[in-house]
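*Asks:* give me a model of this one.
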Amino acid sequence: MSGEATVDGVAEAGPIITPLARLKAILGGSAGNLVEWYDWFAYSSFALYFAKHFFPKGDDTAQLMNTAAVFAVGFLARPVGAWLMGLYADRAGRRTALTLSVAMMCAGSFAIALLPDYEAIGVLAPAGLVLARLVQGLSVGGEYGASATYMSEMASRARRGFWSSFQFVTLIMGQLTALLVLIVLQRLLPKEALEDWGWRIPFAIGGLLAVVVFWIRTGLDESASYTAAKAGGAPAAHTMMLFRHHPRETAIIFGLTAAGSLAFYAYTTYIQKFLVNTTGFAKDTATAISAGALLVYMLVLPLYGWASDRVGRRTMLAASFGVGALATYPIFSALAVTQSALAALLLTTLLVLILSGYSAVSAVVKAELFPAHVRALGVALPYATANAVFGGTAEYVALWFKKAQFESGFYIYVAAVMAVACVIAIRLRDTNRLSLILED
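*Replies:* Alright, predicted model coming up:
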């Protein structure tokens with residue numbers, strides 16, 4: 001595609017992207033995204049094993065609440081990372097921002113792997129854990145906006161939903177890889193060794209992988225959208241652009257992300273603790289159930305992305321949130337009392353299949369709402385803010401309801417937020433036809 005178009009008075013044009021260059025960009029961006037999210041989710045996957053090392057007082061639920069609180073603290077850094085990295089990606093380029101974000105994740109992962117426990121250094125141990133999660137939060141906050149923007153811009157118009165779905169595929173792959181590392185360590189190490197020192201291994205692996213991805217990302221091509229915006233004299237991105245020129249789009253992304261992130265963390269990360277603490281499964285059984293559901297989730301996302309190129313992103317979002325609002329309460333209620341691992345797997349898989357309609361298009365629909373010169377910031381900041389408020393607190397809120405002996409209150413909370421997002425999605429413009437990504 002060649003030619004020129006104008007958005008907000010800014011000329012945008014770009015050269016033809018060859019299929020090989022497009023594939024290289026998608027794979028390169030995906031590899032880094034996978035490692036970023038592996039490092040992020042390793043914390044949640046291994047929390048059952050390292051909680052007592054940093055928070056030795058209290059029962060199992062109290063220890064998990066403390067680690068969940070630190071998980072939430074990491075989320076608080078994500079809006080800051082999104083804001084800084086979004087501005088950086090719009091001003092210095094998507095590739096430069098992606099390279100910096102993976103370097104920060106590398107530092108956070110190695111820090112957790114080497115951090116002494118409470119017995120060795122007292123309160124400095126949980127303080128160090130919080131600091132490491134803050135660095136990782138800054139990294140992931142910047143990663144999402146930059147990678148979602150980059151992969152959406154590098155995808156072709158006719159298959160933008162399909163190709164950009166790999167942004168979430170690699171997110172799930174990172175989470176699944178963290179679970180698979182856990183399963184392998186559960187098989188290779190005695191339980192005592194895993195709880196004593198084996199939990200450090202996945203963080204060391206993540207740090208080493210991040211080093212490799214840092215090298216890969218230095219060789220990526222810059223997107224045509226960013227290059228064209230710069231060549232056309234686009235104004236430098238700044239925060240108030242979002243609120244002065246794109247308040248509706250910013251609010252839409254916040255609302256959709258609030259429901260999507262809350263449901264995602266309820267259905268994928270918290271579910272592992274739920275299956276142990278509420279349903280009564282053994283830790284390794286709960287891990288296997290979570291891994292099985294995540295594998296299906298990962299495999300179906302490109303199909304949902306492909307479907308969105310035909311039926312529209314708006315339809316996919318409305319259906320996902322609408323069904324989720326109706327199904328969350330009965331599915332969680334059934335999971336709470338099931339004694340069958342197969343039944344638990346089927347119910348957990350059903351939850352992620354429902355959410356797939358959102359997950360597959362979450363990157364592209366946000367990128368399509370903004371012009372190139374403010375796109376990374378526009379995608380990142382409202383997404384990370386909603387993620388911090390709703391996604392980052394999901395596990396803590398769920399455990400709070402459990403401690404208050406009103407666990408079903410959490411199911412109602414998730415369903416209500418998804419119902420609000422369904423209304424937002426129904427009112428969304430058709431981004432398939434009205435996309436602001438002009439380059440093909």
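*Asks:* now do the helix or strand encompassing residue 143, average pLDDT.
*Replies:* Residue 143 belongs to helix 124-154 when assigned by DSSP states H and E. Average pLDDT, helix 124-154: 82.
*Asks:* what about dumping the CA coordinates of the following helix or strand past that helix to CSV?
*Replies:* With elements assigned by DSSP H and E, the helix or strand that comes after helix 124-154 is helix 160-164. Presented in CSV, the C-alpha positions along helix 160-164 are these (Å, rounded to 0.1, in the frame of the first residue of the first chain):
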residue,chain,number,x,y,z
ARG,A,160,-5.0,-7.3,11.3
GLY,A,161,-7.1,-9.2,13.8
PHE,A,162,-5.4,-12.5,13.1
TRP,A,163,-1.8,-11.2,13.2
SER,A,164,-2.3,-8.9,16.2
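*Asks:* how far is helix 160-164 from where the chain is centred?
*Replies:* Remark: helix 160-164 is offset 17 Å from the chain centroid, using Cα atoms, centre = their mean, to the nearest Å.
*Asks:* packing partners of it?
*Replies:* helix 124-154, helix 283-311, helix 362-367 (3 or more Cβ pairs under 8 Å, 6 or more residues apart in numbering; DSSP states H and E). Just so you know, the C-beta spots here come from the backbone N, C-alpha and C atoms, and that holds for glycine as well.
*Asks:* show me what contacts the closest residue to residue 179 other than its chain neighbours?
*Replies:* If the residues on either side of it in the chain are set aside, residue 179 comes closest to residue 291, at 4.5 Å by Cβ to Cβ, 6 or more residues apart in numbering. Listed by Cβ atoms under 8 Å, 6 or more residues apart in numbering, the contact set of residue 291 reads 176, 179, 180, 183.
*Asks:* can we see that at 10 Å?
*Replies:* By Cβ atoms under 10 Å, 6 or more residues apart in numbering, the contact list for residue 291 reads 45, 175, 176, 177, 178, 179, 180, 182, 183, 272, 345.
*Asks:* residue 108 too?
*Replies:* Contacts for residue 108 (Cβ under 10 Å, 6+ apart) come out as 39-40, 43, 74, 131-140, 203, 206-207, 210.
*Asks:* hmm, try it at 7 Å
*Replies:* 132, 135, 136, 139 (Cβ atoms under 7 Å, 6 or more residues apart in numbering).
*Asks:* over to residue 152?
*Replies:* By Cβ under 7 Å, 6+ apart, the residues touching residue 152 are 160, 164, 363, 364, 367, 437.
*Asks:* please point out which parts of the longest helix along the chain sit buried.
*Replies:* Longest helix in the chain by number of residues (criterion: DSSP state H): helix 60-92. Along helix 60-92, these residues count as buried under the neighbour rule (16 or more other Cβ atoms under 10 Å): 63-91.
*Asks:* tell me the pLDDT at residue 322?
*Replies:* 97.
*Asks:* close enough to count as contact, it and residue 424?
*Replies:* No - judged on Cβ atoms under 7 Å, residue 322 makes no contact with residue 424 at a distance of 11.4 Å.
*Asks:* circling back: quick check: mean pLDDT of the longest helix of the chain?
*Replies:* 76.
*Asks:* how far is that helix from where the chain is centred?
*Replies:* For helix 60-92, the distance to the chain centre is 11 Å (Cα atoms, centre = their mean).
*Asks:* now do it against helix 124-154, angle only.
*Replies:* Going by axes from the mean of the first three to the mean of the last three Cα atoms, to 10 degrees, helix 60-92 is angled at 40 degrees with respect to helix 124-154.
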